[in-house]
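Visitor: Sequence first, predicted coordinates after that:
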Amino acid sequence: MERLKRIFKIQTKQLICISLLVSSVLLLGGCGTSKEPVSQTGFYFDTIVQITVYDETDVSCLENCLKLADKYEKMFSHTIEGSDIWKINHSNGRPVTVSDETIQLLEIALSYCDMTQGRIDITIETASELWNFHGDGSLDSGKIPDEKATAEAVSHVDYHNLLIDGNTVTLADADASISLGFIAKGYIADKIKEYLLSQNVQSAIINLGGNLLAVGSKPDGTPFQFGIQKPFDTQGTPITVLSVSDKSAVSSGVYERYFYQDDILYHHILNPADGYPLQNNLLGVTVLSASSTAGDALSTSCFVLGLDEGMELIESLEDVEAIFITEDYRLHYSSGLEQ
């Protein structure tokens, strides 16, 4: 946990440095002007991505945001042929040279594997690919994989097999497979925010499939209002609403991708120890933080750690808050959030 605290502080300092650098760039001008908020939508990472800007800009800024989303999807996706992650997964144990940003994100991801003592494991994709979660909860929306196949897959789940040397990555187990699904969207949201600030945008919302990041506040100075979804509610009813300025709100939960079989819920957050959905009496976790990279990873980390250990982790970090939703739909707030 001490290692994670150090990494978190480094990420926060980096974000502050970026903000200071951007402040000097703002004097050079932005993308253009418009009196009305503008929004643009795309489809990346198997989800809808929407960027909405509330202060002065033009559509070219939004188009460039979506280009960034496209760039990073082609870098980090494990399903797109030719991406850095695809190359690692298809290397048959041979060393692969990847970009600086891929190395950076892999190293951050591995730190969370360490912190959770393997309860998050970047090589879980070997087991995840056996499952089929469509997310609508219908009886035929997924199936339970064969026990022998699952056991075989789990035998290749061990993040220690991912070796990094400079810009070279090696999967020591040729049958292992990695995924950055628990952290990549947060990293990309931070990069899009960095770009918007460089274009003199001071009020915007970046929505990467539920990974929400507020750039500043509303034009009138009041906070944005982010609703946290009530688990399994088909109407999108919020279970609570948060006032957010210049922060990220990222949620992880059993209600995102799941199916039922024999009245048993099967969801996409798997236990690396056995390859089956994790059971710990939690429905979801939402993390508020300045860094969306940290928020994305922490929301999943806190979920796998459970209520007690997850809350202990949140309370140990500066300027990070969280809400845990237990199976009885009770909300458990960290100490810095008003209830």
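Guide: Yes, it's here. These numbers come from a predicted model, not from an experiment. Residues are numbered from 1 along each chain as shown.

Visitor: surely T47 meets N207?
Guide: No. Here T47 does not reach N207: they are 9.4 Å apart, not a contact under CB atoms under 8 Å. C-betas here are computed from N, CA, C, even on glycine.

Visitor: who's in contact with the spatially closest residue to S248 that is not a sequence neighbour?
Guide: Once flanking residues are discounted, S248 sits nearest to S292: 3.7 Å by CB to CB, 6 or more residues apart in numbering. Residues near S292 by CB atoms under 8 Å, 6 or more residues apart in numbering: K185, G186, Y187, A189, D190, K193, I206, N211, L213, S248, V250.

Visitor: if I pick the nearest residue to S83 once chain neighbours are set aside, what's in contact with it?
Guide: Leaving aside its chain neighbours, S83 sits nearest to S77 (5.0 Å; criterion: CB to CB, 6+ apart). Counting by CB under 8 Å, 6+ apart, S77 touches F45, S83, I85, W86.

Visitor: Give me the subset of these lying in helices.
Guide: I85, W86 (DSSP state H).

Visitor: If any of the contacts of S77 are buried, put those into a ChimeraX selection.
Guide: Of those, the buried ones can be selected in ChimeraX as follows, counting by 16 or more other CB atoms under 10 Å:
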select :45,83,85,86
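
Visitor: Any idea how many residues pack against V304?
Guide: 25 (other CB atoms under 10 Å).

Visitor: That one is in contact with I120, isn't it?
Guide: Yes. If you go by CB under 8 Å, V304 and I120 touch, sitting 5.7 Å apart.

Visitor: Please report the distance of the residue nearest to the spatial centre of the chain from A184.
Guide: Central residue of the chain (CA atoms, centre = their mean): D296, 3.4 Å from the mean position. Taking CB to CB, to the nearest Å as the measure, D296 falls 8 Å from A184.

Visitor: what are the phi and psi values for the residue nearest to S248?
Guide: phi -70, psi -30 (degrees, to the nearest 10).

Visitor: Return the distance of it relative to I164.
Guide: Distance from S292 to I164, by CB to CB: 23 Å.

Visitor: coming back round to it: show only the entries of the contacts of S292 found in helices.
Guide: Reading helices off the contacts of S292 with DSSP H, I get K185, G186, Y187, A189, D190, K193.

Visitor: who are the neighbours in contact with the second one?
Guide: Just to be clear, that refers to G186. Contacts of G186 by CB under 8 Å, 6+ apart are N211, S248, V250, S291, S292, T293, A294, G295, D296, A297.
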